[in-house]
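1. curious how this folds, go ahead:
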Amino acid sequence: MTEISATLVKTLREKTGAGIMACRTTLAETGGDLDAAIERLRDAQTTMAAKKADREATEGLVALAVEGRRGAIVEVNCETDFVARTEQFQKLVRDLAVQVAATYPKYVSVEAIPAETLEAKRQELLSADDVKSKPEDVRGKIVDGRLKKWFAEPGGVLLEQPFRDEERPVRDLITEAIATIGENIQVRRFERFALGEDK
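-> Numbers count the residues shown, from 1 in each chain. Next up, the predicted model:
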């Protein structure tokens, strides 16, 4: 049996937000393979988040982040006021407010983008010269890839943007919080303000 070091458990915990015992067990199951353990834990977290997605989330917090010339206010919901008072949930909401202030997303999720806006963007991407020059059967895949990139850019979709300077999207941050807190968590809405900027 592979010996699992405390350092390896700590590294996995930092990368996934999972509990110590879940990290130790997953590392043991994967023979100490950190990448495989990360993938297995993320899959488990995604499954758990999907199971909780239909549960009503009417409690939560509103957080404000002000950074010099810009600021944001964010409402994040959870299921109980008990969770809303925990340090972990409060930190998540503060982090999301800072994210909104810094990256000025327009939409919470891809589903929140109006159909006409999404279709107009799709047509814009389809009409690009480099896309039109490709065979018709690959144009859709190119456009889908560019849409995904557009969602993640500043001014795009909050849940698809990379969280701070990490590679993981905000959606994964929330999924990890759902897995560790044990309640459904949803970003309900946000507003961003920047000095001298019109809406």
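
2. next one: phi and psi at Ala57?
-> Phi and psi for Ala57, reported as degrees, to the nearest 10, are phi -120, psi 100.

3. likewise for Phe190?
-> Phe190 adopts backbone torsions of phi -160, psi 160, taken as degrees, to the nearest 10.

4. and it, what's its pLDDT?
-> Looking at Phe190, its pLDDT is 95.

5. cool, Ala53 as well?
-> Ala53 is assigned a predicted lDDT (pLDDT) of 59.

6. repeat for Met48
-> Reported pLDDT at Met48 in the predicted model: 65.

7. kindly report the same for Leu61.
-> On the pLDDT scale, Leu61 gets 93.

8. and the helix or strand encompassing Thr25, C-alpha only, in PDB?
-> Under the criterion of DSSP states H and E, Thr25 resides in helix 20-29. Below are the C-alpha coordinates for helix 20-29, written out as PDB (Å, rounded to 0.1, in the frame of the first residue of the first chain):
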ATOM      1  CA  ILE A  20      -8.800  15.900   5.000                       C
ATOM      2  CA  MET A  21     -10.400  12.400   5.200                       C
ATOM      3  CA  ALA A  22     -11.800  12.700   1.700                       C
ATOM      4  CA  CYS A  23      -8.300  13.700   0.400                       C
ATOM      5  CA  ARG A  24      -6.500  10.900   2.300                       C
ATOM      6  CA  THR A  25      -9.000   8.300   1.100                       C
ATOM      7  CA  THR A  26      -8.900   9.500  -2.500                       C
ATOM      8  CA  LEU A  27      -5.100   9.600  -2.600                       C
ATOM      9  CA  ALA A  28      -5.100   6.000  -1.200                       C
ATOM     10  CA  GLU A  29      -7.600   4.900  -3.900                       C
END
